[in-house]
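Novice: let me see the structure of the following:
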Amino acid sequence: MTYALRQMVVLGCIAAFMPLPALAQSAPPPPPVTVAKPVVRDVVDSDEFIGRFEPVDEVSVRSRVGGYLQEIHFQDGALVKQGDLLFVIDQRPFVTALNQAKAALESAQSALVFADAQYKRTQSLASSGSQSAQTLDDRRREFDSAEANVRGAQAAADRASLDMEYTEIKAPLSGRIDRRLISAGNLVQTDQTVLTTIVSLDPIDFYFDVDERRLLNFADTARKLGKDLQLGGGGLDVSVTISDPTAKPFKGKLDFAENRVDNESGTIRLRARFPNPDLVLQPGLFGRIQVEASNTYQAILVPDEAIGSDQNERVVYVVAEDGTVSTKPVRPGPRLYGYRVIREGLDGTETIIVNGLMRARPGAKITPQMTELPKERQDTAPETVGAENGQ
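Specialist: As a prediction, the model looks like this:
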């Protein structure tokens, strides 16, 4: 027998004669795991959707008269106010047309004065029998024709004056102007050539699509408030976050929903309006909107990291008084205040594992380390689509 083999035999004999308490002392204690009570508080459900900002008003600037573009009076991308001068069409042909129309008006007015004098003179003579009734009728007709000619000449002069005014193209609304789409010297076609575009910025609209299930939920909430969803549910408060992580959520109000569900997508489009005094929000910008989806109720909230998976179920690890771990199936809801709402499965009195799920097994014991969860957390990631269904 070798020396190593003799040592193993000796150690085996010593272990065989050791008292049982000594063996028990060598077993490791149950692993420490952080546990806490769920947060129970009054909440209002909110759903999150992805959408895009669009201007309240948008205009493609066109000219109402044709001609050669002579002047441009704005800087590309500048903020403009309603009534600001943007473009000037060559005015010389319109000045000539206006002078011609005014001359025609003066000629018509002169003819009217003459016809009026002739008619009054004939009327006086006819009353004494010196002129026939037919001559009086002829003078009356000439006077009426002269009056009509004055009205026609006046209309032509007004039209020429209006065309002259249209040669100065002004901003129809206040907002951000795009770049010039045509350079000075080019021919501008009446009502066809797009010169530039202007979009309003304050306020700004946010459009997003809602599926049928959530639409019915929103509509039911609005009806309980005595409001109509198509009119914005009474100005329901909403908030939007953008991709900039340093930007605070923007507050606005729901103000419109379309009057039918789209047959192909099964969704309906809603609109919210946001004040934008600092012009941070831009048309075309993506964002995530949070919309209240219920009235106030008491909810059970747990951290997302406290929810595990068991095949196709979501479970929470519950700790008994003796430290034994068991699992409870739960139905998660939306995330509020940095926590996940538990629709079913918990009543709020349980002690659950909130950190260290990897060290816990159903039926095994742990060393609980109790902590208290704050009423609200800010260190969570954005909500994801399908989170309410545990996807």
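
Novice: is the nearest residue to residue 93 once chain neighbours are set aside bridged to anything, and to what?
Specialist: Leaving aside its chain neighbours, residue 93 sits nearest to residue 67 (6.6 Å; criterion: CB to CB, 6 or more residues apart in numbering). (Glycine included, C-beta is placed from N, CA and C.) Beta-bridge pairing of residue 67 under DSSP bridges involves residue 188.

Novice: next, count neighbours for residue 67.
Specialist: Other residues near residue 67 come to 20 when the count uses other CB atoms under 10 Å.

Novice: before we move on, what about the one 4 residues further on?
Specialist: Counted by other CB under 10 Å, the residues lying close to residue 71 total 15.

Novice: quick one, what contacts the closest residue in space to it that isn't next to it in sequence?
Specialist: Closest residue to residue 71 apart from its sequence neighbours, by CB to CB, 6+ apart: residue 88 at 3.9 Å. Counting by CB atoms under 8 Å, 6 or more residues apart in numbering, residue 88 touches 69-71, 73, 167-169.

Novice: and residue 88, that one's in a strand?
Specialist: Yes: under DSSP: H, G, I helix; E, B strand; the rest coil, residue 88 falls within a strand.

Novice: adjacent strands (with direction) for the helix or strand where residue 331 lies?
Specialist: Using DSSP states H and E, residue 331 maps to strand 325-336. Each strand paired with strand 325-336, and its direction, by DSSP bridges: strand 313-319 (antiparallel), strand 339-344 (antiparallel).

Novice: can you give me the domain boundaries for the chain?
Specialist: 32-42+298-370, 48-55+202-296, 62-90+168-198, 91-166 (the TED database).

Novice: now these in JSON lines, with distance to residue 376 and mean pLDDT?
Specialist: Formatted as JSON lines, the domains of the chain follow (distance: least, CB to CB, whole Å; pLDDT from 0 to 100):
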{"stretch": "domain 32-42+298-370", "distance to residue 376": "4", "mean pLDDT": "86"}
{"stretch": "domain 48-55+202-296", "distance to residue 376": "14", "mean pLDDT": "83"}
{"stretch": "domain 62-90+168-198", "distance to residue 376": "37", "mean pLDDT": "93"}
{"stretch": "domain 91-166", "distance to residue 376": "59", "mean pLDDT": "85"}
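
Novice: could I get those as TSV with distance to residue 378?
Specialist: As requested, the domains of the chain are exported to TSV (distance: least, CB to CB, whole Å):
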stretch	distance to residue 378
domain 32-42+298-370	6
domain 48-55+202-296	12
domain 62-90+168-198	34
domain 91-166	56
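
Novice: mind checking which of these is nearest residue 377?
Specialist: The closest of the domains of the chain to residue 377 is domain 32-42+298-370. By CB to CB, the value is 2.9 Å.

Novice: next, the distance between the ends of the closest one.
Specialist: 10 Å (CA to CA, to the nearest Å).

Novice: got it, and stretch 224-235?
Specialist: Stretch 224-235: ends 14 Å apart by CA to CA.

Novice: for the stretch 101-250 of the chain, what spans make up the strands?
Specialist: 168-170, 175-177, 187-188, 194-199, 204-211, 237-241, 250-257 (DSSP state E, counting those that start in this stretch).

Novice: what comes up buried for the first one?
Specialist: This means strand 168-170. 169-170 (16 or more other CB atoms under 10 Å).

Novice: please enumerate residues in contact with it?
Specialist: Contacts of strand 168-170 (CB under 8 Å, 6+ apart): 61, 63, 83-89, 195.

Novice: out of those, give me the two with the largest separation.
Specialist: 83 and 89 (17.5 Å).

Novice: more crowded one of those two?
Specialist: Using other CB under 10 Å as the criterion, residue 83 and residue 89 rank with residue 89 on top: 24 against 10.

Novice: correct me, but the more buried one touches residue 65?
Specialist: Yes: in this structure, residue 89 is within contact of residue 65 by CB atoms under 8 Å, at 6.1 Å.

Novice: pull up the overlap in contacts between the two.
Specialist: By CB under 8 Å, 6+ apart, the residues touching both residue 89 and residue 65 are 166-167.

Novice: residue 332: neighbour count?
Specialist: 21.

Novice: nope, residue 275 is what I meant
Specialist: 13.

Novice: cool, and residue 349?
Specialist: Residue 349: 9 neighbours (other CB under 10 Å).

Novice: shouldn't it be within a helix?
Specialist: No: assessed with three-state DSSP, residue 349 is coil; it does not lie in a helix.

Novice: residues in contact with the nearest residue to it once chain neighbours are set aside?
Specialist: In this structure, residue 349 finds its nearest non-sequential neighbour in residue 37, 7.5 Å apart by CB to CB, 6+ apart. Going by CB under 8 Å, 6+ apart, residue 37 touches 348-352, 372-373.

Novice: what does residue 49 give?
Specialist: Contacts of residue 49 by CB under 8 Å, 6+ apart are 208-210, 288-289, 291.

Novice: looking at it, residue 42 is touching residue 301, isn't it?
Specialist: No: taking CB under 8 Å as the definition, residue 42 is not a contact partner of residue 301, at 11.0 Å.

Novice: which one's more surrounded, the two?
Specialist: Comparing residue 42 with residue 301 by other CB under 10 Å, the one with more neighbours is residue 301, at 24 against 8.

Novice: could you say what helices and strands the lengthiest helix in the chain packs with?
Specialist: As assigned by DSSP state H, the longest helix anywhere in the chain is helix 92-127. In terms of contacts (3 or more CB pairs under 8 Å, 6 or more residues apart in numbering; DSSP states H and E), helix 92-127 is packed against helix 133-166.

Novice: verify the stated contact: residue 301 with residue 343.
Specialist: No: using CB under 8 Å, residue 301 is not in contact with residue 343, being 11.4 Å away.

Novice: now the closest residue to residue 63 other than its chain neighbours: how far from residue 238?
Specialist: Residue nearest to residue 63 in three dimensions, not counting chain neighbours: residue 188, with 4.8 Å by CB to CB, 6+ apart. Here residue 188 is placed at a distance of 43 Å from residue 238 (CB to CB, to the nearest Å).
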